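J.: whatever this is, show me its structure:
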Amino acid sequence: MTKLVALTFDVEHDCPPFAHTRKGMQYGLSGVMDMLEEKGVKGTFLFTGRMAEEFPKLARRAGKKHELGCHGLEHERFDGLDALEVKRRLNEAKGMLERFGDVISFRAPNFQFPDRYYPILLELGFKVDSTKARHKGWSKGVTWISGVLEVPATTTSIVTRLPWRLQMRFHRKFESPVVYIFHPWEFIEMPKRLRPDCWFGTGRGALEKLGKLIDYHLDSGAKFVTLRELLSLKIDPKP
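T.: The predicted structure follows:
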């Protein structure tokens, strides 16, 4: 069976909450989009509402040439909010993003979104979520939660910043659908005054490794998909 691979990007300011700059947005994200488009691969770009507001050209490009999704309003933690505030923030973010394209996919910041709030996602028109994560202990695979297709993330972005030879042993073992996570700030050199996971392996080398990752899966016969496209593919979600 053909392996399905989704490249997803949490489009946020630089390594929140440890930095507040936007250098990844200013200098990193457009190069990522260039690479994907040159290789004929679509990504899912999950913008916060604020980043779409500040960088409309990038949001519009994501909506036109890839998939545009939602990553909250301001990179907030939803597990600390009540239902009314969750709905208000998601509704505001979705309204901002829909200026640039149709939005049906979501991932919460910090992989924190309580199951009791999934009916809110459905009510607001979100059909796919990728907040659950295998590297955070999720073991159910692709499933449905309150009418929303849950497509768990496969691995932390630290893995895709490792030396390429070390990475390959992980890529071979990942089960379909493989959902990778990246961030714009990983593709610029982050300062070492931040905690290590904010700067390790960042910069030009991260972009080169992304290119190798794409080529590896293309050469292996994998099919690249967006989160939206997983709705229409037969990936055998559990009821």
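J.: and the gap between the nearest residue to Ile145 once chain neighbours are set aside and His135?
T.: Excluding the flanking residues, the one nearest Ile145 by C-beta to C-beta, 6 or more residues apart in numbering is Tyr118, at 4.7 Å. C-beta here means a position set from N, CA and C on the backbone, and glycine is covered the same way. Tyr118 sits 21 Å away from His135, going by C-beta to C-beta, to the nearest Å.
J.: isn't the residue nearest to Ile145 right up against Ser146?
T.: Yes - here Tyr118 reaches Ser146: they are 3.8 Å apart, a contact under C-beta atoms under 8 Å.
J.: the two: who's more crowded?
T.: Tyr118 (20 against 15; other C-beta atoms under 10 Å).
J.: residues contacting the nearest residue to Arg61 once chain neighbours are set aside?
T.: Nearest in space to Arg61, with sequence neighbours left out and distances taken as C-beta to C-beta, 6+ apart, is Met33 at 6.1 Å. When contacts are counted by C-beta atoms under 8 Å, 6 or more residues apart in numbering, Met33 is found next to Gly43, Leu58, Arg61, Ala62, Lys65, His66.
J.: just the pLDDT for the residue nearest to Leu227 when sequence neighbours are not counted.
T.: Ranked by C-beta to C-beta, 6+ apart and with sequence neighbours excluded, the top spatial neighbour of Leu227 is Ser105, at 4.2 Å. With respect to pLDDT, Ser105 scores 98.
J.: phi, psi for Ser105 please.
T.: Reported as degrees, to the nearest 10, the phi and psi values for Ser105 are phi -110, psi 150.
J.: what about it, neighbour count?
T.: Using other C-beta under 10 Å, Ser105 is surrounded by 28 other residues.
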